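*Asks:* quick one, structure for this:
(4 chains)
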Protein chains: 2
Amino acid sequence: MPTHAKPLRRDAQRNRDLLVAAARDLFATRGLDVALDEVARTAGVSSGTLYNRFPSRNDLIDAVFADRTATVARIAEHALEMADPWDGLVHFLERVCELQAADRGYNDLVSRRVPQVAPPSEDHARGYELMQRILARAREAGALREDCTLEDMAFVTWGIARTVEATGAVRPQAWRRHLALLLDGFRAAAAHPLPEPPVRPEELVRIMRECSP
Amino acid sequence: MPTHAKPLRRDAQRNRDLLVAAARDLFATRGLDVALDEVARTAGVSSGTLYNRFPSRNDLIDAVFADRTATVARIAEHALEMADPWDGLVHFLERVCELQAADRGYNDLVSRRVPQVAPPSEDHARGYELMQRILARAREAGALREDCTLEDMAFVTWGIARTVEATGAVRPQAWRRHLALLLDGFRAAAAHPLPEPPVRPEELVRIMRECSP
DNA sequence: CTGAAAGTTGATGGAATAGTCAACTTAGCT
DNA sequence: AGCTAAGTTGACTATTCCATCAACTTTCAG
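*Replies:* Residues are numbered from 1 along each chain as shown, chains lettered A, B, ... in the order given. Predicted structure coming up:
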């Protein structure tokens, strides 16, 4: 319920907006590791203001990408409305990967940072639930292989993240080929026994936590 | 033919070996971005000596991983000796990924640095040739999908690299599952039309060049 | 043994970035 | 208008790392 607990003074709110906008641009083009001083300079405020508003880099990252979890959840909802379960899964993964390909900062975030907001938000839980439904539906339709779990989707995120990083400058769409190959591996018809048990949900949580630098 | 053009003085050679050994260890456990000062300290020499012997970080990286290209070529040869073409391909990719999983520095190298030695070595060309044969053989046997190219193998390298980074601490073998899923996507039986034309060889060269920081 | 070339040292400079804080400015309430 | 809490500033410290170099030490050929 507390979207923000305390109301900011008007100039403070304006500066906050400028900072988030500047960070959004810089993150998108240069990744999450841009110098914070540069964010402040781009926003036209002093570095002290930035640190005052966002004590740590992660706070700024959270603010910039606050809406993304909800966006993913919306994509998932749309995917569930598609008639064909397999098409729904494909659509979901394609749209999410498009988000990665379009924003270097978001690509960094999903591939190596801790999930955005510290306390797993409501949107987060909703997205999780929706993804489960997308997979279950595709599995029950006989399109998705039986042994494929939600955690396996992390391989998509990680793999595509690196491909986007590597190929972005030369062949910005190359990741679509990578994804298509992975997707063919997800099909029930393609299934051969997997050599390693699935990553368990709590393991994935630990992985994402430890991943953050 | 010039393995090294000029013979080093004995103490210089000893220090060089110490530096390479120290770098090998540090790269393996902490990645390619360790501070060069720390490499020197670990080797027990001064930083001046390190810079004297290896003017740039890449020179040191080259020295540490000089043998890897030949190792990959040997793996490829072994793969070609296997009776079943598909098993050969699987074996090759598994062994190469094992190299990535075993050494964080090598994982960094294949996933984001320029191919080791500046002038593409003889081993390099040989490895390339052998990989082509591995793929052709699997394709002709009807096991590998027709539309899969050598450049598509880069998706394996990139994807597994990121998965190894992410999961290494919690589930060191998780990459095997990722690889198995990808491999199922490479099977001829799984093939559905790919949405994006293959990355061309010269594009891959550019990608690998531009990727280096 | 000796001299000169080769090699080493570590202090030093310099660049980039994170983070702090005392002095100053401004919004907004009364 | 006047006051005060909230906010801003930018210079400052600290850290980390890369890179250099003049003075010193070691190797080794003759």
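
*Asks:* how about the most centrally placed residue in chain A: what's its closest non-neighbour residue?
*Replies:* Closest to where the C-alpha atoms of chain A average out (C-alpha atoms, centre = their mean) is A:Val110, at 4.1 Å. Distances taken as C-beta to C-beta, 6 or more residues apart in numbering or on different chains place A:Thr157 nearest to A:Val110, at 5.3 Å, with adjacent residues excluded. Where C-beta positions appear, they are placed from N, C-alpha and C, glycine not excepted.

*Asks:* from A:Arg104, how far off is A:Pro172?
*Replies:* According to C-beta to C-beta, to the nearest Å, A:Pro172 and A:Arg104 sit 12 Å apart.

*Asks:* actually A:Asp62, not the one I typed
*Replies:* Plainly put, A:Asp62 is 17 Å away from A:Arg104 if you go by C-beta to C-beta.

*Asks:* again, but for A:Ala189
*Replies:* 35 Å.

*Asks:* state the mean pLDDT of stretch A:191-211.
*Replies:* The predicted model assigns stretch A:191-211 a mean pLDDT of 91.

*Asks:* contacts (any at all) between DNA strand C and the longest helix anywhere in chain A?
*Replies:* For chain A, the helix with the greatest residue count under DSSP state H is helix A:10-30. Yes - part of helix A:10-30 sits near DNA strand C under the criterion C-beta under 7 Å from any atom of the strand, namely A:10-11.

*Asks:* which parts of that helix are buried?
*Replies:* Neighbour-count burial for helix A:10-30 flags A:15-16, A:18-20, A:22-27 (criterion: 16 or more other C-beta atoms under 10 Å in any protein chain shown).

*Asks:* returning to what we had before: the more surrounded of A:Pro172 and A:Arg104?
*Replies:* A:Arg104 (19 against 12; other C-beta atoms under 10 Å in any protein chain shown).

*Asks:* residues near A:Asp37, how many?
*Replies:* The tally of other residues near A:Asp37 (other C-beta under 10 Å) stands at 11.

*Asks:* check which element follows the helix or strand hosting it along the chain.
*Replies:* Per DSSP states H and E: A:Asp37 is located in helix A:36-43. Proceeding N to C from helix A:36-43, the next assigned helix or strand is helix A:47-53, under DSSP H and E.

*Asks:* can you name the residues in contact with that next one?
*Replies:* With contacts defined as C-beta atoms under 8 Å, 6 or more residues apart in numbering or on different chains, helix A:47-53 is touched by A:12, A:15-16, A:19, A:36-37, A:39-40, A:43, A:60.

*Asks:* restrict the residues you listed to contacts with DNA strand D.
*Replies:* A:12, A:15.

*Asks:* which of the contacts of helix A:47-53 sit farthest apart?
*Replies:* A:Ala12 and A:Asp37 (19.6 Å; C-beta to C-beta).

*Asks:* helix, strand or coil for A:Leu80?
*Replies:* Of the three states, A:Leu80 takes helix according to DSSP: H, G, I helix; E, B strand; the rest coil.

*Asks:* that one reaches A:Met131, doesn't it?
*Replies:* No - assessed by C-beta atoms under 8 Å, A:Leu80 is found out of contact with A:Met131, at 9.7 Å.

*Asks:* out of those two, which sits in the more crowded spot?
*Replies:* Ranked by neighbour count (other C-beta under 10 Å), A:Leu80 and A:Met131 place A:Met131 first, with 22 against 17.

*Asks:* what mean pLDDT does the helix or strand hosting the more buried one get?
*Replies:* A:Met131 is part of helix A:122-140, with elements assigned from DSSP H and E. Average pLDDT, helix A:122-140: 94.

*Asks:* which strands and helices sit next to that helix?
*Replies:* Where contact means 3 or more C-beta pairs under 8 Å, 6 or more residues apart in numbering or on different chains; DSSP states H and E, helix A:122-140 is packed against helix A:68-81, helix A:85-102.

*Asks:* what residues does chain A put near DNA strand D?
*Replies:* Close to DNA strand D, as judged by C-beta under 7 Å from any atom of the strand, chain A has residues A:8-9, A:11-12, A:14-15, A:45-49, A:52-53.

*Asks:* by pLDDT, give me the weakest of those.
*Replies:* Out of these, that is A:Leu8, at 89.

*Asks:* for A:Asn52, see how far away that residue is.
*Replies:* To A:Asn52, A:Leu8 is 11 Å away according to C-beta to C-beta.

*Asks:* and if you look at A:Arg139?
*Replies:* On the measure of C-beta to C-beta, A:Arg139 and A:Asn52 end up 50 Å apart.

*Asks:* same check on A:Leu60?
*Replies:* From A:Leu60 across to A:Asn52, the span is 12 Å (C-beta to C-beta).

*Asks:* same check on A:Ala174?
*Replies:* In this view, A:Ala174 and A:Asn52 are 42 Å apart by C-beta to C-beta.

*Asks:* okay, the two: which has more neighbours?
*Replies:* Legend: neighbour count by other C-beta under 10 Å for A:Ala174 and A:Asn52, higher for A:Ala174 (27 against 13).

*Asks:* contacting residues for the residue lying closest to the more buried one once chain neighbours are set aside?
*Replies:* Distances taken as C-beta to C-beta, 6+ apart put A:Thr167 closest to A:Ala174, at 4.0 Å, once the chain neighbours are dropped. Neighbour list for A:Thr167: A:174-175, B:199, B:207 [criterion: C-beta under 8 Å, 6+ apart].

*Asks:* can you redo those residues as CSV with secondary structure?
*Replies:* What follows is those, written out as CSV (three-state DSSP):
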residue, secondary structure
A:Ala174, helix
A:Trp175, helix
B:Val199, coil
B:Ile207, helix
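
*Asks:* how many neighbours does the nearest residue to A:Ala76 once chain neighbours are set aside have?
*Replies:* Once flanking residues are discounted, A:Ala76 sits nearest to A:Leu130: 3.6 Å by C-beta to C-beta, 6+ apart. Using other C-beta under 10 Å, A:Leu130 has 20 other residues around it.

*Asks:* wait, A:Leu130 touches A:Arg74, no?
*Replies:* No - with contact defined as C-beta under 8 Å, A:Leu130 does not count as touching A:Arg74 (9.3 Å).

*Asks:* so in chain A, where's the weakest helix or strand by average pLDDT?
*Replies:* In chain A, the helix or strand scored least confidently by mean pLDDT, DSSP states H and E is helix A:201-211, which has a mean of 86.

*Asks:* now it: buried residues?
*Replies:* So for helix A:201-211, counting by 16+ other C-beta under 10 Å, buried means A:204, A:206-208, A:211.
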